[in-house]
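Enquirer: The amino acid sequence is not available; the structure is as follows:
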């Protein structure tokens, strides 16, 4: 058996189903790599080694007995510590959380288990998913850089091949930002596509759950397991789930891919601009038609997310924040305070402005099939940076990181990020692929066409971190 | 031809289709009655006599030529002055409204016209639908009493037989309150069942559009014309529309009708309590099974509606209210001011509390088919009353009138009101019939069973108002 940590979920599952690979050996390979590498990355908050091995044994026996398995049988996965897993507390990256273990799995976690995937641990999150840096986790490409967030642990873990699949959540970009900064694939599906029950709330009307993976094919396979109506989640959409893999190899021939000079492309770091330009040319060579697009309202998105998320978070956390504000980090305390200061009218205005943005995006999607952009205007900032320079402006790290991801939260439209190369410093760049609602399969087709013509998704950071011992 | 103003919509339509009645004579009969009676009631803000006669001529010719017609061909209807009708300003009962004529009909108005109904005028509304008294309109049963509101003009007009159908809107009870206080039938269908485009907003997440009629059969027929998905209304539900008349004569045999001693029945005026008790016994004699029910959360409804409606109204009216507050009535100015004072967190809390109420109602509907209650705890207050006594408490008129109607707005569930008799003063009492979402046909079946066994729906107020000349 080749090194399982170098495989995709699809490759692991194929080997397990043929009997070539032993699920126990697969799990052990990942656990060993976590032991070796994660002391430097700090991407896991708990490793469920014993449970994972026990589950792997059950799957091994099932394969041997000829019991039919699901599409992820034998594939290890991790979950952001915002997801409930039975028997473990959901700490959500905060001292303010209860230490009482969850009594049942989130439906997404059970769905993955039912598909045969094996939970190997829980990953770090920025406190209550409210931030984009995820301390203490480091970026596996350069340990003095942030992994992004709030699903920074899942981004770092997948990038360092500590898990082939890790679940994240995305309120303003929290799946796509760490995926892009760490050089992996991440999908925020349409709002309501994936159940959020059993996942700690940041902002009910903006939150999404979804996976980070190494390849688009794995993302499509995993979303197929996760997607579907959950009557116990009031935000779940009762919309039929297609076969996300059906169009995977359709290519981009004749597809109209929109590019917006304004908002999405006007403040890029040079390395991001170059990588994005190369990606667009690659898709054009593959047969896509590149179409300049313009639309209205998208510039409202950052302010909309600021107001909506802070007010909803302040509502959700009120009792905790009132009783023990000392248990929260200063950035989250500030954000909750801001949320308490917004008026009801400001909140309603922000919610209503979403329809303006959505109308603008819908009109744009009348002329193209897909919207392409960089996922983030820059690459991973330094761990201790709080400001960054973009064009002529110095702005907060958070603002620089989520500007291009928030439109998909405001509109609820699907957005996939795939690795699109590196800047001169060797830091990953992400390519964002947006589609109209419930057309994730189209985003996967474009992402797969790109990955089939490039090798960015197979690049793995050098994890011989003992050489940089001062960071251990 | 017998007097058309004594007929139901179904009777008018039947006579028009057979050629027995001339649509022009029908329209003229209603216009004549408006001329005679409405100076006392002040229920119309504009009578579209010439347009109505012209349309009636077209329908007359179509019938004579054998052109197939819709289910309301030849039936006059009125609309609350919150609905757009092409060529007329939508004043919404306020001096703050634009005088510019609407360029197109609201989809509900076009649907009624497409079904062959003939617009004869626009009725009064409490200013911007934000109130339950609807000055200057009087209650046709006693001219010193309020007609209810905010669709007070439609309630008074249908009760006085000035129109067989009149459209209303319902944010906290504004269809059902005037229907009950004026002794007619009114249906607030499930949230999203009827398009609200082209209807002035009070509160996006609580507003409903729907008709007032003299009978349940007419309400079912009219809702059949109005219901359906409107892709141009973001709040419209993409849910199939059944034949609302299919179950109309099913009766109530074996149906489980829930009665709640708490909240819905614990603060009734004696005349309402007696009429309600009689209605319940009547339905029991018709074969229904009466089941005591209890549920949680419903007591939150008045506060939820206060917060949600005032914040959303303050958002909607901001520019008007900022620039020309002097153009608003003092009650609406106060309400908008209150809306501006609520925090975003209070608004989110109120919206989230709706799911608590809905869960309680859903659990209750697990044990019964229908919830019965009085529509209002009392009968029509005096025009100049601002406080009323209920039990041991003196409370505001508004609070006394919408307490039992708001749960259907908070939950979005259907609620039908039918006339259920009179109190000792001769003022009408309403019976409210609530069902789970999208089960309006069941509410109609219960209402029809009641109307087929009672004659309250055929009672018409004495409109010889010249005898009370001081009110003219």
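Expert: Looks like it came in fine. All figures in this text were calculated on a predicted structure; none of them were measured in a lab.

Enquirer: What helix or strand is the residue lying closest to residue A:48 once chain neighbours are set aside located in?
Expert: Nearest residue to residue A:48, sequence neighbours excluded (C-beta to C-beta, 6 or more residues apart in numbering or on different chains): residue A:121, at 5.3 Å. Placement of C-beta: from N, CA and C, glycine included. Residue A:121 belongs to strand A:118-123 when assigned by DSSP states H and E.

Enquirer: For that strand, what is the distance to the chain centroid?
Expert: 16 Å (C-alpha atoms, centre = their mean, to the nearest Å).

Enquirer: after that strand comes which helix or strand?
Expert: The C-terminal neighbour of strand A:118-123 among helices and strands, as given by DSSP H and E, is helix A:152-159.

Enquirer: Give me the helices and strands touching that next one, please.
Expert: The contact analysis (3 or more C-beta pairs under 8 Å, 6 or more residues apart in numbering or on different chains; DSSP states H and E) places helix A:152-159 against helix A:23-41, strand A:44-47, strand A:76-80, strand A:118-123, strand A:165-169, helix A:176-182, strand A:209-213.

Enquirer: Quick one: residues contacting the residue lying closest to residue A:314 once chain neighbours are set aside.
Expert: In this structure, residue A:314 finds its nearest non-sequential neighbour in residue A:339, 3.1 Å apart by C-beta to C-beta, 6+ apart. Residue A:339 makes contact with A:309-315, B:344-345, according to C-beta atoms under 8 Å, 6 or more residues apart in numbering or on different chains.

Enquirer: Show me just the buried residues among those residues.
Expert: A:309-315, B:344-345 (16 or more other C-beta atoms under 10 Å in any protein chain shown).

Enquirer: doesn't residue A:287 make contact with residue A:254?
Expert: Yes. In this structure residue A:254 lies within contact range of residue A:287 using C-beta atoms under 8 Å: 6.4 Å.

Enquirer: returning to what we had before: pick the one among the contacts of residue A:339 closest to residue B:246.
Expert: residue A:312 (42.4 Å; C-beta to C-beta).

Enquirer: How about the closest one, nearest residue that isn't a chain neighbour?
Expert: Among residues not flanking residue A:312 along the chain, residue A:203 sits closest, at 4.1 Å (C-beta to C-beta, 6+ apart).

Enquirer: Kindly state the pLDDT recorded for the residue lying closest to residue A:201 once chain neighbours are set aside?
Expert: Among residues not flanking residue A:201 along the chain, residue A:316 sits closest, at 4.9 Å (C-beta to C-beta, 6+ apart). Note on residue A:316: pLDDT of 97.

Enquirer: any idea how far residue A:316 is from residue B:45?
Expert: 46 Å (C-beta to C-beta, to the nearest Å).

Enquirer: Check residue A:31 too.
Expert: Taken as C-beta to C-beta, the span from residue A:31 to residue B:45 is 76 Å.

Enquirer: got it, and residue A:404?
Expert: With C-beta to C-beta as the criterion, residue A:404 and residue B:45 are 51 Å apart.

Enquirer: These two: which is more packed in?
Expert: residue A:404 (30 against 19; other C-beta atoms under 10 Å in any protein chain shown).

Enquirer: residues touching the more buried one, list them.
Expert: A:173, A:263-264, A:373-377, A:432.

Enquirer: quick one: which helix or strand includes residue A:351?
Expert: Going by DSSP H and E, residue A:351 is part of helix A:344-364.

Enquirer: Near chain B, which residues of chain A are found?
Expert: Residues of chain A that fall close to chain B, judged by C-beta under 8 Å from any C-beta of the partner chain: A:204, A:234, A:307, A:311-312, A:314-315, A:318, A:339-349, A:352, A:355.

Enquirer: Helix, strand or coil: sort out the residue nearest to residue A:314 for me.
Expert: Under DSSP: H, G, I helix; E, B strand; the rest coil, residue A:339 falls in the helix class.

Enquirer: Model confidence for it, exactly?
Expert: pLDDT at residue A:339 comes out at 96.

Enquirer: pLDDT score assigned to the residue nearest the centre of chain A?
Expert: The residue lying closest to the centre of chain A (C-alpha atoms, centre = their mean) is residue A:175, at 2.1 Å. According to the prediction, residue A:175 has pLDDT 98.

Enquirer: wait, isn't it in contact with residue A:168?
Expert: Yes. Judged on C-beta under 8 Å, residue A:175 makes contact with residue A:168 at a distance of 4.0 Å.

Enquirer: residue boundaries of the strands in chain A?
Expert: Assigned by DSSP state E, chain A shows strands spanning A:44-47, A:76-80, A:118-123, A:165-169, A:185-188, A:209-213, A:256-260, A:289-293, A:370-374, A:387-390, A:393-396, A:415-422, A:428-434.

Enquirer: Name the nearest residue to the residue of the stretch 151-300 of chain A found nearest chain B, ignoring sequence neighbours.
Expert: For the stretch 151-300 of chain A and chain B, the shortest gap (C-beta to the nearest C-beta) falls at residue A:234, measuring 6.0 Å. Leaving aside its sequence neighbours, residue A:234 sits nearest to residue B:355 (C-beta to C-beta, 6+ apart; 6.0 Å).

Enquirer: quick one: the one you found from residue A:310, how far?
Expert: 21 Å.
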